[in-house]
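Chemist: need coordinates for the below:
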Amino acid sequence: MGDVLLALSIPVLVFGGGIYAACDCWWRRRHPAPPSPYTHRAARLAEQEMLLLAEEIVDEAHAALGPLYEAPAAPHPGGPPTGLKPEASRAPQASRSSRSSRSDATPGRGPSRPAAARRR
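Modeler: So this is what the prediction gives:
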């Protein structure tokens, strides 16, 4: 008789555990826990830390690469730049002069005009 009770107690425990889990799930869906202020505070702190890190990265990059983006003090003369062969330096000047002679070229470094709309 003891073996029969032991054999039947296992399915009863499994079935009871399943009913408990289903009821617990139903209860938690009907009564959700309020959001924890510690969770929101941790998210805000992580966001602030990430922003500070991003600002630091941008500041370091600007300090390292800032001189590359500054305008040159004096324009280069029409001669070839130092370190280049005269043949190599003539080709870009020729293409530059042909580009600037076009009537639709934008003078200076300002934004260009928008293109005309095409009809289909």
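Chemist: the longest helix in this structure is where?
Modeler: Longest helix in the chain by number of residues (criterion: DSSP state H): helix 37-69.
Chemist: could you give me the average pLDDT of it?
Modeler: For helix 37-69, mean pLDDT is 90.
Chemist: what comes up buried for it?
Modeler: Buried residues in helix 37-69, defined by neighbour count with 16 or more other C-beta atoms under 10 Å: none. C-beta coordinates here come from the backbone N, C-alpha and C atoms, glycine included.
Chemist: from residue 68, how far out is residue 110?
Modeler: Using C-beta to C-beta, to the nearest Å, we find residue 110 at a distance of 21 Å from residue 68.
Chemist: er, residue 24 actually
Modeler: With distances taken as C-beta to C-beta, residue 24 is found 62 Å from residue 68.
Chemist: ok so, going back, helices or strands up against the longest helix of the chain?
Modeler: On a contact count with 3 or more C-beta pairs under 8 Å, 6 or more residues apart in numbering; DSSP states H and E, helix 37-69 meets no helix or strand.
Chemist: just the buried positions in stretch 109-119, please.
Modeler: Neighbour counts over stretch 109-119 (16+ other C-beta under 10 Å) mark no residue as buried.
Chemist: show the average pLDDT along that stretch.
Modeler: 75.
Chemist: which helix or which strand is home to residue 18?
Modeler: Following DSSP states H and E, one finds residue 18 within helix 2-30.
Chemist: list the buried ones in that helix?
Modeler: Of the residues in helix 2-30, none count as buried by neighbour count, 16+ other C-beta under 10 Å.
Chemist: give the rounded mean pLDDT of that helix.
Modeler: 92.
Chemist: begin at 886 from here
Modeler: Renumbered: residue one is now 886, and that last one reads helix 887-915.
Chemist: remind me what it packs against, helices and strands.
Modeler: If contacts are counted by 3+ C-beta pairs under 8 Å, 6+ apart, helix 887-915 sits against no helix or strand.
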